[in-house]
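K.L.:
Below are the sequence and a predicted model; questions follow.
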Amino acid sequence: MIKPEKTPILSQKGQIAMPYTWWVGNAGSRFLAALRDDARIIGNSCEECGKVFVPPRKNCGYCYRELTKWVELGNEGTVIAHTVVHFSFSLHPCRTPFAYALIKLDGADVGFMHVVRDHPERLSNNVRVKAIFRDRALRIGHILDIETFEII
Amino acid sequence: MPGSVAIVGVGQTDHRSHRPDVNGREMIYEAVQRALLDCELSINHIDAIIIGNMDHFESINYVDTWSVEGSGAIMKPIMKVSTGGTTGASVAIAAYYHVASGLFDRVLAIGWEKNSESDTTGAIITCSDPVWDRFSYSGAIPSLATEASAYMNQYGVTQEDAARVTVRDRGNAVNNPHAHLRKPVSIHEVLASPMLAYPIKLLDICPRSDGAAAVIFASDGIAQRITPRPAWIKACSVRHTYTWFGDVDYKQGLVSLQRASAEAYLRAGIKSPADELDVAELYLPYSYAGLKWIEDLGFCARGEGAGFVEDGHTDIAGKIPVNPSGGVLSANCIGATALLRVGEAALQVMGKAGPRQIPDVKQALATGFGGCFWSDVLILGSGRP
């Protein structure tokens, strides 16, 4: 029996489970372990251009050479740019409203992306903020071991 | 009229099952630095970059953008090329096109993969059509197993015949310091390894590796100044076929490889490949391919692959040595795998293959395989075309 031309169109649903395990690598692991164990933020710097990177990485993308010099950075910094988020989405790190902020940590030459959970309405560029860490027992070596940045 | 193009530098990581010490772009950095060191260039000399890997394997959407710190592409043109298993050959051929066009003098091709970061079978089945093939016939091993059983039935080939291909490649890998698996295996060990999908057993199929490869292409006039013995591209050819798995006629041989190699031989002026080629680095992802596909490449007649291998013609001292590097059965960082074939063939032509060097290579063949039975073929030579 041939179905008529006006047969209702069908669709199919499907889902593929794809769990990932990304290797952080040596440079990134030192950074995350410092968050977890010491509640400190560390970076590394290029001996050619002098730029201080955070998070630290294996090589300077600009000078294309290995980064071997490590530096401890302050846990405070200045907001360079920000946005207050009002829409909900499952991958947001916290409930709305909150702010995503680009923060120039003291001693670093590149911005550090993180969140400001509380009083996002009080945020403005050039405001000083400070990293607030989760309790030691809850820190696992993850970028969100820093729970939030708080307006000083 | 395309300009002449040569490979002048080759770099690769030491391939492993896991590389926890580096993330993807740091691993890419390692291979690129080795390639630059090989030809004494700096990243500043590179005009453009082509990069490739398997979609979904690391869950990174814009690999060209994401990778720049490792690839050295900051403020340079870079593009991603991804064609499944053939990716590595596609980035090589795209780099060749860039230089041959006359628009770029030094182009870097990169292939990489972090197989350890995901479930690669889950990732690879996304190549199958979601409505027609994915839920009724899926995964790399079953499709190759179907090809193998059809071939065995057609020519009376045995599992032992195929095991000889694994034994050859894994034996050769002992001479390659970059290979992932460097322990030789016996025919008995291959036959006794666990059955995955008949007739493919664990030791008939390639491993999953973390690794990266980088190959530098340069234009005529510049290549000779970079290295005294560049590996010239004499021909490259690409054939993609249908993506409906059911449309593949297994009894016709690997048609895409027959067509691609026939075109490449014609361009390179090769009439009797087994006699005129000095070495072949073939993308053989499983042992049975080492019997069937050498027929499609014209090394021997149809149905004679098993005898040709058993008689030692593809051994290091044979008529046409195949995979002195140990091949795909000894290291398979997929996005890099076909580029490694090209890079290894270039090293042979340049006389820089170290302990795995075949003496006096003037002409070398490299192949890529992927997707739904697609093939890429490159012929490299010591003489400027």
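P.N.:
Looks like it came in fine.
K.L.:
Now do the strands in chain A.
P.N.:
Remark: strands assigned in chain A by DSSP state E are A:41-45, A:52-53, A:59-60, A:65-66, A:69-73, A:76-85, A:98-105, A:112-116, A:128-133, A:146-151.
K.L.:
which residues sit against the second one?
P.N.:
It stands for strand A:52-53. Applying CB atoms under 8 Å, 6 or more residues apart in numbering or on different chains, the contact partners of strand A:52-53 are A:43, A:44, A:45, A:46, A:60, A:67, A:71, A:73, A:107, A:108, A:109, A:110. Heads up, the C-betas are built off the backbone N, CA and C, glycines and all.
K.L.:
neighbours around the nearest residue to the fifth one once chain neighbours are set aside, how many?
P.N.:
With CB to CB, 6 or more residues apart in numbering or on different chains as the criterion, residue A:60 has its nearest non-adjacent residue at 3.9 Å, and that residue is residue A:46. In terms of burial, residue A:46 registers 22 neighbours under the definition other CB atoms under 10 Å in any protein chain shown.
K.L.:
What of residue B:46?
P.N.:
Using other CB under 10 Å, residue B:46 has 23 other residues around it.
K.L.:
Over to residue B:354?
P.N.:
Neighbours of residue B:354 using other CB under 10 Å come to 11.
K.L.:
re the thing from before, mind pulling the model confidence for the residue nearest to residue A:60?
P.N.:
On pLDDT, residue A:46 comes in at 97.
K.L.:
Likewise for the one 4 residues further on?
P.N.:
Per-residue pLDDT puts residue A:50 at 97.
K.L.:
Tell me the spatial nearest neighbour of it, not counting adjacent residues.
P.N.:
Closest to residue A:50 by CB to CB, 6+ apart is residue A:109, at 7.9 Å.
K.L.:
picking up where we left off before, and the residue nearest to residue A:60, what does it touch?
P.N.:
Residue A:46 neighbours (CB under 8 Å, 6+ apart): A:53, A:60, A:62, A:63, A:65, A:67, A:69.
K.L.:
From the residues you listed, pick the one nearest chain B.
P.N.:
When the contacts of residue A:46 are ranked by distance to chain B (CB to the nearest CB), residue A:62 comes first, at 6.1 Å.
K.L.:
so the closest one sits right up against residue A:51, yeah?
P.N.:
Yes. Counting by CB atoms under 8 Å, residue A:62 touches residue A:51, with 7.0 Å between them.
K.L.:
quick one, which of those two is more surrounded?
P.N.:
residue A:51 (17 against 14).
K.L.:
State the distance from that one to chain B.
P.N.:
Distance of residue A:51 to chain B, given as CB to the nearest CB, to the nearest Å: 12 Å.
K.L.:
need the contact list for whichever residue of chain A sits closest to chain B.
P.N.:
The nearest approach of chain A to chain B comes at residue A:61, 3.5 Å away (CB to the nearest CB). Contacts for residue A:61 were tallied using CB under 8 Å, 6+ apart; they are B:68, B:69, B:70, B:72, B:74.
K.L.:
Now the fourth one. Nearest residue, chain neighbours left out?
P.N.:
Spatially, and ignoring its direct neighbours in sequence, residue B:72 is nearest to residue B:43 (3.9 Å; CB to CB, 6+ apart).
K.L.:
how far out from the middle of the chain is whichever strand or helix holds residue B:89?
P.N.:
In the assignment (DSSP states H and E), residue B:89 maps to helix B:87-100. Distance of helix B:87-100 from the chain centroid (CA atoms, centre = their mean, to the nearest Å) equals 13 Å.
K.L.:
Also stretch B:198-212?
P.N.:
On the basis of CA atoms, centre = their mean, stretch B:198-212 sits 14 Å off its chain's mean C-alpha point.
K.L.:
And the residue of the stretch 51-200 of chain B closest to chain A?
P.N.:
Closest contact between the stretch 51-200 of chain B and chain A, by CB to the nearest CB, is at residue B:69 (3.5 Å).
K.L.:
Mind picking the two most distant members of the contacts of residue A:61?
P.N.:
Maximum pairwise distance in those, criterion CB to CB, is 10.5 Å, between B:70 and B:74.
K.L.:
So between the two, which is more surrounded?
P.N.:
Comparing residue B:70 with residue B:74 by other CB under 10 Å, the one with more neighbours is residue B:70, at 28 against 14.
K.L.:
List the residues that contact the more buried one.
P.N.:
Going by CB under 8 Å, 6+ apart, residue B:70 touches A:59, A:61, B:24, B:25, B:26, B:27, B:28, B:29, B:32.
K.L.:
got any ranges where chain A has weak pLDDT?
P.N.:
Within chain A, not a single segment meets pLDDT under 70.
K.L.:
Which positions in it make contact with chain B?
P.N.:
A:12, A:14, A:16-28, A:57-59, A:61-62, A:64 (CB under 8 Å from any CB of the partner chain).
K.L.:
Buried among these? Make that a ChimeraX selection.
P.N.:
For the buried members of the residues of chain A next to chain B, the matching ChimeraX selection, counting by 16 or more other CB atoms under 10 Å in any protein chain shown, is:
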select /A:23,24,25,27,28,57,58,59,61,64
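K.L.:
Give me the subset of the residues of chain A next to chain B that lies in helices.
P.N.:
Among the residues of chain A next to chain B, DSSP state H puts A:25, A:26, A:27, A:28 in helices.
K.L.:
My read is that the second one contacts residue A:58, right?
P.N.:
Yes. With contact defined as CB under 8 Å, residue A:26 reaches residue A:58; the gap is 7.3 Å.
K.L.:
And residue B:283, how far from residue B:374?
P.N.:
Applying CB to CB, to the nearest Å, the value for residue B:283 to residue B:374 is 10 Å.
K.L.:
Give me the common contacts of the two.
P.N.:
By CB under 8 Å, 6+ apart, the residues touching both residue B:283 and residue B:374 are B:85, B:86, B:368.
K.L.:
Can you name the residues that contact residue B:339?
P.N.:
Contact analysis of residue B:339 by CB under 8 Å, 6+ apart lists B:52, B:87, B:88, B:89, B:91, B:92, B:109, B:110, B:111, B:213, B:215.
K.L.:
Name the nearest residue to it, ignoring sequence neighbours.
P.N.:
Using CB to CB, 6+ apart, the nearest residue to residue B:339 is residue B:88, at 3.3 Å.
K.L.:
Isn't residue A:106 up against residue A:54?
P.N.:
No. Between residue A:106 and residue A:54 there is no contact under CB under 8 Å: 10.5 Å.
K.L.:
Give me the pLDDT for residue B:190.
P.N.:
Confidence score, pLDDT, at residue B:190: 98.
K.L.:
swap in residue B:251?
P.N.:
89.
K.L.:
Neighbours of the closest residue to it other than its chain neighbours, how many?
P.N.:
Nearest residue to residue B:251, sequence neighbours excluded (CB to CB, 6+ apart): residue B:154, at 5.9 Å. Neighbour count for residue B:154, taken as other CB under 10 Å: 14.
K.L.:
Buried residues of the strand or helix carrying residue B:154, list them for me.
P.N.:
Per DSSP H and E: residue B:154 is located in helix B:140-155. Judged by neighbour count using 16+ other CB under 10 Å, the buried positions of helix B:140-155 are B:140-149, B:151-152, B:155.
K.L.:
what would these look like in TSV with pLDDT?
P.N.:
Below are these laid out as TSV (pLDDT from 0 to 100):
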residue	pLDDT
B:140	81
B:141	88
B:142	86
B:143	86
B:144	92
B:145	94
B:146	92
B:147	93
B:148	96
B:149	96
B:151	97
B:152	97
B:155	97
